[in-house]
Structure formats: structure tokens, C-alpha cells
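K.L.:
With the sequence up front, the predicted model follows.
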Amino acid sequence: MGNSSPTLVTGGTGFLGRHLVARLLAAGRPVTVLARRADPALVARGVRFITASLDDAPAVAAACAGHATVFHTAAKVGVWGRYADFFRTNVLGTRAILAGCRAHGVARLVYTSTPSVVYNGQSLANADESLPLTTSCPSPYPLTKAIAEREVLAANSAAHSGLRTVALRPHLIWGVGDPHLVPRVLARARAGRLRIIGAGTNRVDMVHVANAVDAHLAAEQALANAQRSTLSSQPSTACGRPYFITNGEPVLLWEWINQLLTSLGEPPVTRRLSLSTAFALGAVCETLWRVLPVTTEPPMTRFIAAELAKDHWFNLAAARRDLGYEPRVSMAAGTAELIASLRI
């Protein structure tokens, strides 16, 4: 793998994808982005665009041609929606990527998964990759991402297609320019709709977007190293495996949120809901949203209730050992930078 290695990034106009594309360009690498629409700013920087949605299987498979590495970051995300819609994008779209990689001799596939693929309704403290993939979750996103991850890792093959695969599970990607996590928290807080769920002492891992990009590039390098070691009969490590990716600094979730709010001159969140109440409310909302003609997300779901109340932090030992991953942007530095940007 060298600086001239052609690279395809699906979802290259998203938050993670855009940062990944920028790093690849900075390294002098030619980049193709598969997205539903071209971005003029990236086109101006020399990025080649293939415009297609992930449910266009022939176009997705064809997009893989001529690329040595595919970073598959695109997905349908969210906590609510029709299972069929999530399945079409997250599972069928990934199958199209896999078919394209096999058909066109792609060497490396780095798949962006999510820690919620191991959702089990329980607190996850220092959780590692030995946890089984979920088959029962009240949200279609983790279910479909788990199916896709399983198929990506099963596709790792040195003997047949030569494709090497790895799955990364970054948890709550954030940073300056984040269009999802922090803006939603701020909007709900300013509307008076944010409540502490449960005891408010749950610890949660997050990952700064720069660290998430580091992990993706490290994973690509690990696959390349494994391919070279295969030629020299040395054992490979990262191939066909998943890795949790975080900042390695679990925070008290509600303390971090309130730090963010007060730093921006907003009142801290003090109102509370017990987990049992929030869970019951989520079940009611889900029922209503299934029968009402609405397209918005419910204000509460069972999945959201569990995520906001329980521990979710992960062991980085495998990523450090196999990928050489080490978070370089700390929670403190990243939070300070984020607050400064939001004050402008």
C-alpha cells in the first residue's frame, strides 16, 4: 500500500467520511466517494464522485472497480424507522459492496460498524469483542448493522478472493462540525425536553472524530501488513475481526452533557425520569408512532431509554494490540475545542 493506492469511501460526505477523505487527500492519495450526491467542495479538491444510493446494488458493486481499499462508512442510522428500510441500506447495501469487492479484486475492506451490534439490554462495562452479536433489539439499526458486520467478517478470505476485511465499532463519534450527537442534545435541552434517565451515574465511551479516522487508517494498514505477512507465511491478526474504537476515557454521561450546557450558558439538566418510566414511555411512543401518520422520531423509545441510563464503555486492548490504535485527541482537549467552536 502506498500513497498512490486508489481508495473508495462510501458515505464520504458524512461526518466521519468527510474527515476520512480529508486525511486521505492530505496523504496524497486518490479518492473516490460513493454518495447520493456530489459535494462541490470535495470535487474542487480532486475527489471523484460516483453518485448512487446503497440500494442500487449494480451501481454500488461497479463503484468498487479499480480500488485497492474500500472504506464502507455509509449506513442508514437512527433509532426509529421501518426495519425494511434499514435492512435495504445496511444489509443489502453491504452485500453489494462485498460483491463488488470480490468481482473487482479489492484487496482491503474496512467496515464501519457500531458498538450497538452487541446490544443486550444490559449495562456494558469494560466490554470486549467476545460479546455475541445482538439478535434481539428494539431498534432496527443495531440489528441490521449486526447482520452486515457478520457478513463482512465472514467474507475475509486469503485463499479465494484475496479480500481482507475488518470491522470497526466507533462509539458516539463527536467533534467540531458534528451534525448529529451534540446538536440534538443542545436542541432538546434548549426546548426543555431533556431528562436524566435513571440514576444519572452511567459511564459512557465516546470517540473524537480524529481518533475514529486514525483507527480506520490503522485498520487499513493492519490489513495491508497481514497481506504481506501471508506472502511470507507469518500469521495475520486483524483480518476478519471486529474492534471497539473509543477515546478510552469513559465519562459520566450526564456530567459531560451538563458541562457542555453550562459552558455555553445553558442551564444544566436536572429533571429526571426513572429507567422503568422511560422504558414504559418508550414502548407507548413506539406503539403510537406505528399507527399515526408521522415521519418524525418518537421523543422516547425503549432503545433510547436503555442507552441514556446504562453504562456503555469498552475495552481497547484488542485495538491497541492488533491495530496499534492509540487515541491522540483527549476528551478534555476535544471538549474544549468543541465548546470554543460553539461559542462563535
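P.N.:
All right, it came through fine.

K.L.:
Low-confidence bits of the chain, can you list those?
P.N.:
Applying pLDDT under 70 to the chain flags residues 1-4, 158-161, 229-236.

K.L.:
can you map out the helices along it?
P.N.:
With DSSP state H, the ranges of helices along the chain come out as 15-26, 40-44, 57-63, 83-86, 93-103, 140-154, 181-190, 209-231, 253-263, 275-291, 302-309, 317-323, 331-343.

K.L.:
closest one to G121 among those helices?
P.N.:
Minimum separation from G121 across those (C-beta to C-beta) falls at helix 302-309, 6.1 Å. C-betas here are computed from N, CA, C, even on glycine.

K.L.:
helices or strands up against that closest one?
P.N.:
Helices and strands touching helix 302-309, by 3 or more C-beta pairs under 8 Å, 6 or more residues apart in numbering; DSSP states H and E, are strand 196-197, helix 275-291.

K.L.:
out of these, deepest packed?
P.N.:
When you average the neighbours per residue for each of these (mean count of other C-beta atoms under 10 Å), strand 196-197 leads with a mean of 24.

K.L.:
helices or strands next to that strand in the packing?
P.N.:
When contacts are defined as 3+ C-beta pairs under 8 Å, 6+ apart, strand 196-197 sits against strand 272-273, helix 302-309.

K.L.:
can I get these in a markdown table with distance to A44 and mean neighbour count?
P.N.:
Formatted as a markdown table, these follow (distance: least, C-beta to C-beta, whole Å; neighbours: other C-beta atoms under 10 Å):
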| stretch | distance to A44 | mean neighbour count |
| --- | --- | --- |
| strand 272-273 | 47 | 16 |
| helix 302-309 | 38 | 22 |
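
K.L.:
With distance to L223 added, can I get those in CSV?
P.N.:
Listed next are the helices and strands packed on strand 196-197 as CSV, based on distance: least, C-beta to C-beta, whole Å:
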stretch, distance to L223
strand 272-273, 44
helix 302-309, 31
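
K.L.:
Any idea which of the ones you listed gets closest to V294?
P.N.:
Taking C-beta to C-beta, helix 302-309 is the member of the helices and strands packed on strand 196-197 nearest to V294, at 16.5 Å.

K.L.:
Which one, of the helices of the chain, ends up nearest to V118?
P.N.:
Taking C-beta to C-beta, helix 140-154 is the member of the helices of the chain nearest to V118, at 8.0 Å.

K.L.:
What are the buried residues along that closest one?
P.N.:
By 16 or more other C-beta atoms under 10 Å, the buried positions in helix 140-154 come out as 140-153.

K.L.:
ok, so of the residues you listed, who is nearest P115?
P.N.:
Relative to P115, the closest of the buried residues of helix 140-154 is P142; by C-beta to C-beta it sits at 8.9 Å.
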